[in-house]
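Undergrad: mind folding the following:
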Amino acid sequence: MDRCILTFLLSFCLWVLAWELRWKNLGEKQIAEWLNANNLLKYKILFDDVQNLEEIPVLNTLPLRKGNSLEDSVVQKIEAAQRQLVKELALQEWLFSQGLAHYFHSVAKCLGCEVLHLAVWLKTQ
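TA: Numbering: from 1, shown residues only. The predicted structure is shown next:
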């Protein structure tokens, strides 16, 4: 009996560890893709503490402006990419809630995320 419980606990711990590693690798991959898509790879060090895409929009760029560590144009580029990401995440969440998750990539590419009301219109058609 004790051996069975120990085996179960060990396998459970290994499963949790494997899941955490997979989740971390997925988050790092998504962040790298976002940085690459927005031509921000050389500023990757600024996003080292970020675990997943959902954390990027809430990063504060004020210290970057006050510390004069980056040019204003670069900070503006980062802020614009953050705003676009918020729109994409909102669109993705809305499509998932409507059962239209399979349309995310086509809607995001064709319509962009500026026109969420068009996505609502698609749902009614």
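
Undergrad: from residue 52, how far off is residue 42?
TA: 21 Å (C-beta to C-beta, to the nearest Å). Where C-beta positions appear, they are placed from N, C-alpha and C, glycine not excepted.

Undergrad: which of those two has more neighbours?
TA: Taking other C-beta atoms under 10 Å, residue 42 and residue 52 do not tie; residue 52 has more neighbours (13 against 9).

Undergrad: which ones are touching the more buried one?
TA: Taking C-beta atoms under 8 Å, 6 or more residues apart in numbering, we find residue 52 in contact with 27, 30-31.

Undergrad: out of these, which is most surrounded?
TA: Neighbour counts for the contacts of residue 52 peak at residue 31, which has 19 neighbours (criterion: other C-beta under 10 Å).

Undergrad: centre of the chain to stretch 72-88, how far?
TA: Put simply, stretch 72-88 sits 13 Å off its chain's centre (C-alpha atoms, centre = their mean, to the nearest Å).

Undergrad: can I get the contacts of residue 52 in TSV including pLDDT, distance to residue 3 and secondary structure?
TA: Converted to TSV, the contacts of residue 52 look like this (pLDDT from 0 to 100; distance: C-beta to C-beta, whole Å; DSSP: H, G, I helix; E, B strand; the rest coil):
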residue	pLDDT	distance to residue 3	secondary structure
27	76	37	helix
30	80	41	helix
31	81	42	helix
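
Undergrad: out of these, flag the one nearest to residue 96.
TA: residue 30 (16.0 Å; C-beta to C-beta).

Undergrad: that closest one reaches residue 53, doesn't it?
TA: Yes: with contact taken as C-beta atoms under 8 Å, residue 30 and residue 53 are classed as touching, separated by 5.0 Å.
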